[in-house]
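1. Turn this into a model:
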Amino acid sequence: MSEAEQKAVIDFYRYPPIGTDDWRYGFATAKVRVLETVMIGKGTLVDMANAENLQAALELLAGSEYGLTATSGSFDEIENMLMEKRSEARSLFVDLIDNKEISELLRARADFANMRLAVRRVVTERPIGVDYSDEGSVPAEDFEEIFEQENYSRFPVYLQEAVEEAVLGYYQAKDIRQIDYGIDRMAAAYKLKKAVELDSVFLGSMFRTQIDLDNIRTMLRLKMADRDERGLFISGGYVDRERFLHGLDIGYEALAPLFFATPYYDIIEGGVNYLNANQSFLGLEMLCEGHIKGFLKTTNSIAAGPQPVIAYLLLKEIEIRTIRMILTGKKNGLDAKTILDRVSE
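-> Next up is the predicted model:
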């Protein structure tokens, strides 16, 4: 990206622009509009969190596409069903979007997750294994052979760069967390580059927003752990890195005012308040997820285009993740308040 493209500029109030209509996606948009009407509502999720036990929570899903869980014999079966629903949503997305570059861009999420796991195993001298997601561009069974032969040229360029960044970061500091930081940086750079190549206002806005939210998480986690690692913030978001660096030097009470002129004031204020009261990042995670959901829902203003199709996939993934989180909480006996503190609007 050029210097102008990377410059942090905020010329909107809450959510960035999402681009214009594209009538090549008329049918695909109509399809996801219908599917959106049968997604699980917030009321059902709240009722599940308040249910007496796991079985009672499952019964609330009986009339939905997740209804099979009510007769499942084990929690493993429930998790497998949810993963199948996620795979179905991703497969439908590929069919509807009919754009190889966009499909590859979103599949790269699985590639980076697989790479994170593989590099961790390499540096800790554990077997590479073959238990990787098959939903990326690189087949799961290829990871073991590639790493054993150290033939990284078989990876796409963005994964070759991720391997180098992750391994170098680890051996410089002998800190396994540097693997995650390195891969996160390369993933963000790759996504921003692809958004520019695709000339997609929507994807550019989404990726830059995600970078900001990741930097907010990093800032608060560093402060909570009393760590002063200033090279962990990712470039390319709407908020300049200097603001996050300044946030490390001031008290919690001054953080929200520091971000007053950004779209993230409420997230900082709410996240800090919850952190101080509960010594937990649940509230922050809920607010960050709610912000992304709010952004994705702005695609309702698009009559036809790839934006609503991409938004549907991501909202569907959040729905599946939320259902799994609630059911896991009920299985482990978590109280309703703790569960609800993580469920976004």
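
2. Just name the shakiest helix or strand of the chain by mean pLDDT.
-> Of the helices and strands making up the chain, the lowest-confidence element is helix 3-6, at a mean of 44, by mean pLDDT, DSSP states H and E.

3. residue boundaries of the helices in the stretch 101-250 of the chain?
-> For the stretch 101-250 of the chain, helices defined by DSSP state H, counting those that start in this stretch occupy the ranges 142-149, 157-173, 177-197, 201-224, 241-247.

4. Spatially central, which residue of this structure would that be?
-> By C-alpha atoms, centre = their mean, the mean C-alpha position of the chain lies nearest to Gln210, the distance being 7.7 Å.

5. contacting residues for it?
-> When contacts are counted by C-beta atoms under 8 Å, 6 or more residues apart in numbering, Gln210 is found next to Ala188, Ile292. For every residue, glycine as well, the C-beta is placed using N, CA and C.

6. Give me the pLDDT for the residue lying farthest from the centre of the chain.
-> Distance from the centre of the chain peaks at Gln149, with 31.5 Å (C-alpha atoms, centre = their mean). Gln149 is assigned 87 on the pLDDT scale.

7. can you check Gly73 too?
-> pLDDT, Gly73: 58.

8. let's number from 78 now, not from 1
-> In the new count, where the first residue is 78, that last one comes out as Gly150.

9. number of nearby residues for Phe284?
-> Look at Phe284: counted by other C-beta atoms under 10 Å, it has 22 neighbours.

10. Wait, it touches Ala264, no?
-> No - Phe284 is not in contact with Ala264 according to C-beta atoms under 8 Å; the separation is 9.6 Å.

11. Setting the sequence-adjacent residues aside, check what's closest to Pro233.
-> Closest residue to Pro233 in three dimensions, ignoring its sequence neighbours and counting by C-beta to C-beta, 6 or more residues apart in numbering: Ser214, at 6.3 Å.

12. Sorry, wrong one. I was asking about Val171.
-> Residue nearest to Val171 in three dimensions, not counting chain neighbours: Ser180, with 4.9 Å by C-beta to C-beta, 6+ apart.

13. and what of Ser282?
-> Spatial nearest neighbour of Ser282, chain neighbours left out: Pro93 (3.7 Å); criterion: C-beta to C-beta, 6+ apart.

14. Ramachandran coordinates for the one you found?
-> Backbone dihedrals for Pro93, given as degrees, to the nearest 10, come out at phi -80, psi 170.

15. Now do the same contact list for it.
-> Listed by C-beta under 8 Å, 6+ apart, the contact set of Pro93 reads Ser282, Arg285, Thr286, Tyr315, Phe372.
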